[in-house]
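Participant: Give me a model of this one.
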Amino acid sequence: MAMTRDKVRSSREVTHSHAVDLCQVAARLRVLSDNTEQSTQTQPGPPTPPLPTQQEQDLEDLQAEIEAYPALVKAGGRPPYPFHLLNEIFHHPEQYLEDPQYHDIILFWRGRVLHEEEKTPLCACHLLRWNRFRRLQRIIRQRSIQSEWTLISAADWDTWGAFIERYGQREGSWGFPEYTERIKKRLSKYGFTRPFQLESDLSRQDSITTWIEYLAYEYWFYDQHASYIKRFQRKHDEAWKKLVDSGVLRPRESYELVCDIESVFKRAAENEEAKRAVQSTTAALLAAEVAVIKSCASQDVRDADERRLSAAQAARDKAEADYRSLMRRRDAITDFCQQTKGYRNANDEAERHLLLLRWIKQQIPLIECESRSVGSCILHPECGLNSKPLNATVAEDLESQPPGTAFLAVGGSATVAVEKARADLRECDKGSVSAAAAKPSMCTGGSRDRGSQVKVISKRVCQTGLLMSWEVHGMPSRVP
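Facilitator: Numbers count the residues shown, from 1 in each chain. Next up is the predicted model:
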């Protein structure tokens, strides 16, 4: 910071000038111009690619969302909405905020969006998060490491090898037993006391246990924010008291208003206006002083000039006083905001993360209902009442739509067509499920149906345009 201030200060220092030969300056400018033209002609730079239009960006995000939907289910995750709502929720998520099934997960991913017209591929975003959790599961079951921090950090990397190549060896004595004990304590800390038992072999772990493990994973992040808030609560409260006692706040100017970004812009505009007022009143004062000095008129005229001078002096003094008051107010509020920035960010992130945690916990009874009905197949949020598995719901979504249903990216100017694909699902625990699906399903049964095979959907992007179809392949019933 000191170095930065020194650079700013040095750039503002006034240097002494010397006599300038204007002819010499003009000659140098001509030479510089000629060299620039010659360089431009002989070595043309690469053209700057144009920025994508909003329509092109929307289409790209929509295609990413369509690709992410089957990938999320294939990885054992849970899409935040049924497939037939993909287009609607992508383009108009605000219309689903009143629905408790979608409210929390939409707000979690849309909370940081600055402009309503921005699109958010919810599945694509959630897939990245889910994949980090799945890497964490594999890491802790394959090796002992130094600490939970090591585990969380390593999960951000595609492979353990890439992680240790960057940070060096991180093997240690903190392994799967310590991990299991830690997440049980964390869940109990936040009121989740349901018994569960993690499996060291992921292929033996059922979907409900994996979902509870995921809940504990997300609680880790909430715990970090909550711990930061608790640690800096007193300093934050002291800073706020200092700001209130300074007397710079206006009536009904609350904490929320002080910290609001719109208030920052409003205060900046007020400061700029006060600065211009000082400049204009100073110019008026100088003009009045000149008028008095040059006045050769009658005494009455000179008296009038003196009165104008006094009025100009008073106006300039008031403008300067107002400006100093605003600067004092600005400095006090800025100091408070800078001192409490970390606290306020942690508080915002904690509140935002509660939305995700609430959505995760809402899925637990739905998964349980499905487990009782059809083994342990993952259940879609909308299937709680009929106990239909995710693959059956997907099939019904597509069966209810005509072939070649198009997902409009922007008002029909560009489309991504999703072809239907049919898949026969083999028996999963009790009973058999047969469905025609255009999005993938993942059956993650308990130990009773180990070795069973199910059909899952994998994406294949056609080479013609943006047409995408999904083929059916046989895969093991669990994917670690």
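
Participant: wait, V292 sits on D303?
Facilitator: No. V292 is not in contact with D303 according to Cβ atoms under 8 Å; the separation is 10.3 Å. No exception for glycine: its C-beta is placed from N, CA and C like everyone else's.

Participant: so where's this structure shaky on pLDDT?
Facilitator: Low-confidence segments of the chain (pLDDT under 70): 1-45, 114-115, 296-298, 300-301, 373-480.

Participant: Other residues contacting the helix or strand harbouring I105?
Facilitator: Assigned by DSSP states H and E, I105 belongs to helix 103-110. By Cβ atoms under 8 Å, 6 or more residues apart in numbering, the list of residues contacting helix 103-110 from outside reads 80, 89, 93, 96-97, 120, 122, 125-126, 352-353, 355-356, 358-359, 362.

Participant: so how many other residues sit close to the closest residue to K119 other than its chain neighbours?
Facilitator: Once flanking residues are discounted, K119 sits nearest to D61: 4.9 Å by Cβ to Cβ, 6 or more residues apart in numbering. When counting by other Cβ atoms under 10 Å, one arrives at 17 neighbours for D61.

Participant: which residues touch D61?
Facilitator: Going by Cβ under 8 Å, 6+ apart, D61 touches F90, K119, T120, P121, A124.

Participant: So which bits of the helix or strand that contains it are buried?
Facilitator: Assessed by DSSP H and E, D61 sits inside helix 54-74. Across helix 54-74, burial judged by 16 or more other Cβ atoms under 10 Å covers 58-59, 61-74.

Participant: Repeat that for stretch 180-200.
Facilitator: The neighbour-count check on stretch 180-200 (16+ other Cβ under 10 Å) flags T180, I183, K184, R186, L187, F192, F196, L198, E199 as buried.

Participant: and the gap between L354 and A226?
Facilitator: When distance is defined by Cβ to Cβ, to the nearest Å, L354 is 10 Å away from A226.

Participant: typed the wrong thing, it's G111
Facilitator: 18 Å.

Participant: K189 now?
Facilitator: Counting by Cβ to Cβ, the gap from K189 to A226 is 10 Å.

Participant: what sits against the closest residue to Y81 other than its chain neighbours?
Facilitator: Distance criterion Cβ to Cβ, 6+ apart; nearest residue to Y81, sequence neighbours excluded, is I89 at 5.2 Å. Applying Cβ under 8 Å, 6+ apart, we find I89 in contact with Y81, Y96, Y102, I106, L122.

Participant: neighbour-wise, which of those residues leads?
Facilitator: L122 (25 neighbours).

Participant: Look at L354 and A226 and report which has more neighbours.
Facilitator: More crowded of L354 and A226, by other Cβ under 10 Å: A226, with 19 against 15.

Participant: So the more buried one sits against E349, correct?
Facilitator: No. Assessed by Cβ under 8 Å, A226 is found out of contact with E349, at 9.8 Å.

Participant: about what we covered before: and the buried residues of stretch 180-200, which is closest to E262?
Facilitator: R186 (37.3 Å; Cβ to Cβ).

Participant: I'd say that closest one and E218 touch.
Facilitator: No. Between R186 and E218 there is no contact under Cβ under 8 Å: 10.3 Å.

Participant: Going by contacts, tell me the helices and strands next to the longest helix along the chain.
Facilitator: Among the segments of the chain that qualify as a helix by DSSP state H, the longest is helix 299-339. Applying 3 or more Cβ pairs under 8 Å, 6 or more residues apart in numbering; DSSP states H and E, we find helix 299-339 packed against helix 207-245, helix 255-259, helix 261-294.

Participant: let's see it at 7 Å
Facilitator: Judged by 3 or more Cβ pairs under 7 Å, 6 or more residues apart in numbering; DSSP states H and E, helix 299-339 is in contact with helix 207-245, helix 261-294.
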